[in-house]
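> Sharing a model that was predicted from the sequence below.
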Amino acid sequence: MTQETPRPAPGALDVRRVRTHHLREAKRRGEKFTMLTCYDALTAAIFDAAGVDSLLVGDSAGNNVLGHASTLPVTVDELLPMCRAVSGSVERAFVVVDLPFGSYEASPEQAVATAVRFLKEGGAHAVKLEGGAWFAPHVRAMVQAGVPVVAHIGFTPQSEHALGGYRVQGRGDAARTLVEDARALEAAGAFCLVMEMVPAEAAVAVDAALEIPTVGIGAGSATTGQVLVWQDMLGLRRGRMPRFVRQYADLHGVVSDAVGRYVEDVRSGSFPGPEHGF
Ligand SMILES: Nc1nc(=O)c2c([nH]1)NC[C@@H]1CN(c3ccc(C(=O)N[C@@H](CCC(=O)O)C(=O)O)cc3)CN21
Ligand SMILES: CC(C)C(=O)C(=O)O
Ligand SMILES: [Mg+2]
């Protein structure tokens with residue numbers, strides 16, 4: 001006796017091109033979505049084809065591409081070409097770019113001007129900014145200009161010196177402040193909200209207080225989306241991993257071995273072989 005496998009109803013993210021309303025729809029339907037950082041064309045094409053729903057051209061490029069100790073030195077002019085490379089290499093994924101430190105804080109006008117550059121010159125589909133309720137006017141101005149905005153609260157790396165280092169935010173009573181900030185950012189028009197390094201219970205409270213989907217990094221499993229820095233989850237980056245990372249591959253090992261063999265082969269004269277010549 002054969003039984004027909006029931007075909008699952010297509011999910012909210014079962015689409016040819018991911019858009020803001022699909023991410024919102026995912027939350028309503030209780031479905032999850034994925035986000036990975038991405039800074040170049042080749043990884044963008046791989047992640048897009050592998051089914052990642054959203055790519056973040058993060059200012060974490062400061063640490064992971066440009067060789068800085070933090071995200072603070074990253075500029076718009078550095079992030080723009082990476083953004084263009086990523087947005088030009090995806091067919092399906094939704095591309096979000098970080099507004100770099102110093103490129104939006106001064107005024108809603110400054111935020112609009114920078115965001116417009118990222119959509120116009122970088123091909124981004126949305127921008128992300130770090131901070132709470134005090135940036136509601138900036139969010140509103142960008143949304144009015146036609147820019148989809150992702151908010152980012154909890155540990156906000158651009159404020160590491162103000163926050164006193166890389167620490168969990170929203171412990172105890174501070175969870176209420178996170179909820180208030182999130183509500184203000186949603187009311188200002190943000191369509192999505194990232195929470196970084198907050199206790200799982202605080203993330204549950206924030207997510208429950210919002211209509212818009214939340215994305216977590218070190219924020220437990222209640223958020224609709226999850227985001228990781230790709231060099232962390234694929235084991236390319238050396239050093240101690242943050243607690244919130246699950247490592248899915250050892251690219252550092254793969255690349256070290258391969259490059260080591262190339263060096264050996266050239267030194268020994270075994271590469272290039274006759275088949276590599278003309
Ligand atoms: N490679 C990389 N991964 C990231 O996740 C990341 C960046 N770079 N650059 C920008 C920000 C900075 N972020 C980070 C980086 C490190 C920790 C970290 O080391 N956390 C430790 C200590 C936490 C604590 O002391 O409470 C951890 O174990 O999670 C956290 C957030 C997240 N972002
Ligand atoms: C860690 C994520 C959320 C980020 O902002 C980045 O990669 O820059
Ligand atoms: Mg960032």
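Okay, I see it. Numbers count the residues shown, from 1 in each chain. Ligands and ions are numbered 1, 2, ... in the order given.

> Pretty sure Gly58 sits against Val229.
Yes - counting by CB atoms under 8 Å, Val229 is a contact partner of Gly58 at 6.9 Å. No exception for glycine: its C-beta is placed from N, CA and C like everyone else's.

> Nearest spatial neighbour of the residue of the stretch 101-250 of the chain found nearest ligand 3, chain-adjacent residues omitted?
Nearest to ligand 3 in the stretch 101-250 of the chain, going by CB to the ion, is Pro157, at a distance of 6.1 Å. Leaving aside its sequence neighbours, Pro157 sits nearest to Thr71 (CB to CB, 6 or more residues apart in numbering; 5.0 Å).

> That neighbour and Asn64, how far apart?
Distance of Thr71 to Asn64, given as CB to CB, to the nearest Å: 10 Å.

> ok so, going back, contact partners for the residue of the stretch 101-250 of the chain closest to ligand 3?
The neighbours of Pro157, taking CB atoms under 8 Å, 6 or more residues apart in numbering as the test, are 59-60, 70-71, 130, 166, 196.

> same question, Ile153
By CB under 8 Å, 6+ apart, the residues touching Ile153 are 130-132, 169, 178, 181-182, 185, 193-196, 198, 206.

> As TSV, these with secondary structure, neighbour count and distance to Ala222 would be great.
Formatted as TSV, the contacts of Ile153 follow (DSSP: H, G, I helix; E, B strand; the rest coil; neighbours: other CB atoms under 10 Å; distance: CB to CB, whole Å):
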residue	secondary structure	neighbour count	distance to Ala222
Glu130	strand	23	21
Gly131	coil	19	22
Gly132	coil	18	20
Gln169	coil	20	16
Leu178	helix	23	13
Asp181	helix	22	17
Ala182	helix	25	13
Leu185	helix	28	18
Leu193	strand	28	13
Val194	strand	25	14
Met195	strand	28	10
Glu196	strand	22	14
Val198	coil	27	11
Val206	helix	28	9
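
> ok, so of those, who is nearest Ala9?
Among the contacts of Ile153, Leu193 lies closest to Ala9 (CB to CB), at 26.8 Å.
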